[in-house]
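[1] Based on what follows, work out the 3D shape:
(chains A and B)
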Amino acid sequence: MSNLHVTPFARGGRGMRLRGLVHKEFLQIVRDPSSIAIAFVMPVFLLLLFGYGVSLDADHVAVALVVEQPSADTADFVASLQGSKSFAARPMPSMARAVDALVAADVDAIVHMRANFGERLRRADGAPIQLIVNGVNANNARIVVGYVEGAWSNWLGRRARAQGLHLDPPVVVEQRVWFNSELRSRNYLVPGLVVVIMTLIGALLTAMVMAREHERGTLEALLVTPATVGELLLGKLIPYFLLGTCGMLLSVAMAVGLFGVPLRGSFWLLFATSSLFLLVALGMGLAISTVARSQFVAGQLAITTTFLPAFLLSGFIFDIGSMPNVVQAITYLVAARYFVSIVDSLFLAGNVWSVIVPNALALAVMAAVFLGITWRKTRKRLD
Amino acid sequence: MWHRIRALVRKEFIAILKDPRSRFVLIVPPMIQLLVFGYAATFDLDRIPYAVYNEDGGAASRQLLAAFEGSPHFRRIATLSALHEIAPLVDARDVVLVIHVQPQFSRRVLSGQSAPLQVIVDGRNSNTALIALNYVRTVVTTYNEGWMAARGSPALPARLETRAWFNPNLESRWFFIPGIIGVITLLVTMLTTALSVAREREQGTFDQLLVTPLRPVEILVGKALPGFLIGIAEATLILLVATLWFGVPLVGSLAVLYAGLALFLLSAVGMGLLISSLAVTQQQGLLGAFLFMVPAVILSGFATPIANMPELVQRITLLNPLRYFLVILRKTFLEGAPLPVLIHEFWPMALIGLVSLSLAGWLFRHRMS
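    This next block holds a predicted model:
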């Protein structure tokens, strides 16, 4: 590994010093295989688990059906529920049984038709169909209500046409979903997960390295060598950058090859912006490591500042535009936010410069800030 | 025996709380996270940015667009005058949706035909797109009903009467905040336990601990108790904020909630110590903590339902203590579920806790670097 040709300053003693530092770091990586595990095993393991495990598409919603007095009218409505693949309808003999099932979360909703359903259907004020949903998971509940409403209005339309009545609503919504026409949630969840995983890889790889040298007293030893602070930092960055890049390529390959997420933008643009993001993530890890000084505190800081913010505040799952202004302001500090925007567009929409340029600039600024902090904090202890 | 354990617990507390940075990490970030995530974690959309392209200009279209204008869910940020202006706005994510009223819209509505209302949605985040489309449909349905009622159309033969139990206004925040309580409690417990044995091993003080008269069980209790106590204190603080600040109703009994919390902490401390005693260096401890925590959160049903996962992944989630605790939290908070309903959530956590703690205790002696 000593003949690495990645050093940008490969001339004279400077290049040799840098090469020595990179070499030393690589030896350390090889001796404690946890770094290699972070770069290679973690992305594969997490993407497999999440790519298959995380989905927001509710199929086969379990609905309890309580029909007090079956008749041709009720059978007609029940058939329209059972015909849809959105439902898994479960007939139940009584309301009490259905309520038990709802409370035990065996079903998500109850559709209840009373004994006089057929009779009231022919009266002027119409027959009620009772729909009870378990509101604890509000998002799911809303989807279920939407499904039942759809089945209900289809049924009404069919009934009206069969009776030769005119029941067209004045305005019909005609939806055009751009970039993801089947609304497959995996198409944006998988690229988002790549971002979360890369945040973890970047921070985990470097969060301990400076603190470790500091704790063991070897940083002082390095500082008295002719190597400059810049060379020291580059010596730390280059090996982990290479490892992180491999992890990133692996993740992208899995997203496209295994999960069938379309990559509509340019691969090289994705590569370039990912490298930029990796630089931010590594820089953040180095900054944490330098500021914390002890591995214990560095580890705690890395856990708190990376995973949950990248998961909840990046716009990956929750829409940033709907958050209160103060929280929106905080999301600007989360690097994953910019990269999620870039990645969603590059994967699903293509090379949208109006999204990529501002977000890439923000990433560049963050990288500069984190590396700047590390540089200053390390230099301070020289004098 | 208790005397020795007390000394060890004291030493652990000093080790955790001595460093001001370490104290800070335990107290300030969890509070900030609860407040920030409590506001961030919701699927309810607000002020959805949209643009209007009206090629019709008749009374019916103006009336419909006024309904969007009046809704707090929507915020119009542009009015377009040509078709080619749509794409750049959507591409740049300036708007989530564009409402396009085609020519002849008002004439068709007035003549009793159905008029199409074209809605273009940015599908890059398909969940946001779906929710936004739902909101659009609600506005249009209300408009349709008003229009038909005004013209004396006959009432529909059947109507849906929808009720949402336990959360009548379908507030998505009521679902997520109990979840956040579980996630942050797990995070804090991992912070205090996952590196604790690894640090002593790396510094060599663990070997010293092993040659003292302390038995492995005593070391185990001494290592587990601080994480457990800190977890209880932290969770109490978070519970207070969740109920008093965010106003999430706590319908069920506190006793059931705390019984669940105690078992959850038992399993979380057990997993933390197991990871820590497997690790030889702190870096490995940190990696282990992440490798446990990230799947534990994502596969817990916190944001995406477990029922949507494939069979195999659903079976893996049975090993996840957070999965059970989230059910307990949500059911005691919103449904007021009594103990018997939750019994199947209690015993798996106890089992995970006992197994992981015994393994950790066994590893204390049998894993020497």
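[2] For stretch B:141-148, C-alpha coordinates in CSV please.
    Output of stretch B:141-148 as CSV, limited to C-alpha atoms (Å, rounded to 0.1, in the frame of the first residue of the first chain):
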residue,chain,number,x,y,z
THR,B,141,-64.8,17.3,-3.0
THR,B,142,-66.0,20.2,-0.8
TYR,B,143,-66.3,22.4,-3.9
ASN,B,144,-68.3,19.7,-5.7
GLU,B,145,-70.7,19.1,-2.8
GLY,B,146,-71.3,22.9,-2.5
TRP,B,147,-71.9,23.2,-6.2
MET,B,148,-74.3,20.3,-6.3
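[3] Quick one: distance of that stretch to the chain centre.
    Computed by C-alpha atoms, centre = their mean, to the nearest Å, the chain-centroid distance of stretch B:141-148 equals 37 Å.
[4] Next, see if that stretch gets close to chain A.
    Yes: judged by C-beta under 8 Å from any C-beta of the partner chain, stretch B:141-148 and chain A are in contact via B:T141, B:Y143, B:N144, B:W147, B:M148. Where C-beta positions appear, they are placed from N, C-alpha and C, glycine not excepted.
[5] And stretch B:94-109, by the same measure?
    Yes: using C-beta under 8 Å from any C-beta, stretch B:94-109 reaches chain A at B:V96, B:V109.
[6] show me where chain A has strands.
    In chain A, the segments counted as strands under DSSP state E are A:61-67, A:87-91, A:109-113, A:127-134, A:171-178.
[7] okay, those strands, which one's buried deepest?
    Of these, the one with the most neighbours on average (mean count of other C-beta atoms under 10 Å in any protein chain shown) is strand A:109-113, at a mean of 24.
[8] Which strands and helices lie in contact with that one?
    strand A:61-67, helix A:72-82, helix A:95-103, strand A:127-134, helix A:138-162 (3 or more C-beta pairs under 8 Å, 6 or more residues apart in numbering or on different chains; DSSP states H and E).
[9] do that again at 7 Å, thanks
    Judged by 3 or more C-beta pairs under 7 Å, 6 or more residues apart in numbering or on different chains; DSSP states H and E, the packing partners of strand A:109-113 are strand A:61-67, helix A:95-103, strand A:127-134, helix A:138-162.
[10] The third one pairs with which strands, and in what direction?
    It stands for strand A:127-134. strand A:109-113 (antiparallel), strand B:158-165 (parallel) (DSSP bridges).
[11] okay, those strands in JSON lines with mean pLDDT and distance to B:T332 next?
    Conversion of those to JSON lines gives the following (pLDDT from 0 to 100; distance: least, C-beta to C-beta, whole Å):
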{"stretch": "strand A:109-113", "mean pLDDT": "90", "distance to B:T332": "22"}
{"stretch": "strand B:158-165", "mean pLDDT": "80", "distance to B:T332": "15"}
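[12] Compile those into JSON lines and extend it with columns for distance to A:L18.
    Converted to JSON lines, the strands paired with strand A:127-134 look like this (distance: least, C-beta to C-beta, whole Å):
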{"stretch": "strand A:109-113", "distance to A:L18": "64"}
{"stretch": "strand B:158-165", "distance to A:L18": "63"}
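[13] Please identify which of those strands is closest to A:F307.
    strand B:158-165 (32.1 Å; C-beta to C-beta).
[14] Tell me which residues of that closest one come out buried.
    B:A158, B:L160, B:T162, B:A164, B:W165 (16 or more other C-beta atoms under 10 Å in any protein chain shown).
[15] cool, stretch A:153-162 as well?
    In stretch A:153-162, the ones that count as buried by 16+ other C-beta under 10 Å are A:S153, A:W155, A:L156, A:R159.
[16] Relative to B:S71, which of those residues is nearest.
    For the buried residues of stretch A:153-162, the nearest to B:S71 is A:S153 (21.2 Å; C-beta to C-beta).
[17] Give me the pLDDT value at the closest one.
    Looking at A:S153, its pLDDT is 81.
[18] pLDDT weak spots in chain A?
    Scanning chain A with the threshold set as pLDDT under 70 gives A:1-13, A:58, A:165-167, A:379-383.
[19] mind listing what the residue nearest the centre of it touches?
    Per C-alpha atoms, centre = their mean, the C-alpha nearest to the average position across chain A is that of A:G192, at 3.4 Å. Applying C-beta atoms under 7 Å, 6 or more residues apart in numbering or on different chains to A:G192 gives the contacts A:F316, A:V340.
[20] where does chain B dip in pLDDT?
    B:153-155, B:367-369.
[21] how close does the residue lying farthest from the centre of it sit to chain A?
    Distance from the centre of chain B peaks at B:S111, with 49.3 Å (C-alpha atoms, centre = their mean). From B:S111 across to chain A, the span is 10 Å (C-beta to the nearest C-beta, to the nearest Å).
[22] what packs against the longest helix belonging to chain B?
    Ranked by residue count, the top helix of chain B under DSSP state H comes out as helix B:339-366. If you count contacts as 3+ C-beta pairs under 7 Å, 6+ apart, helix B:339-366 packs onto helix B:216-240, helix B:254-278, helix B:321-330.
[23] orientation of the last one relative to helix B:216-240 in degrees?
    Right, the one you point to is helix B:321-330. Counting by axes from the mean of the first three to the mean of the last three C-alpha atoms, to 10 degrees, helix B:321-330 points 40 degrees away from the direction of helix B:216-240.
[24] send the alpha carbons of helix B:321-330 over as PDB?
    Extracted C-alpha coordinates of helix B:321-330, given in PDB (Å, rounded to 0.1, in the frame of the first residue of the first chain):
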ATOM      1  CA  PRO B 321     -36.700  -4.200  22.100                       C
ATOM      2  CA  LEU B 322     -37.700  -0.800  20.800                       C
ATOM      3  CA  ARG B 323     -40.500  -2.400  18.700                       C
ATOM      4  CA  TYR B 324     -42.200  -3.500  21.800                       C
ATOM      5  CA  PHE B 325     -41.600  -0.300  23.800                       C
ATOM      6  CA  LEU B 326     -43.100   1.800  21.000                       C
ATOM      7  CA  VAL B 327     -46.300  -0.200  21.100                       C
ATOM      8  CA  ILE B 328     -46.500   0.200  24.900                       C
ATOM      9  CA  LEU B 329     -45.800   3.900  24.600                       C
ATOM     10  CA  ARG B 330     -48.500   4.500  21.900                       C
END
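[25] how many degrees apart are it and helix B:254-278 in direction?
    170 degrees.
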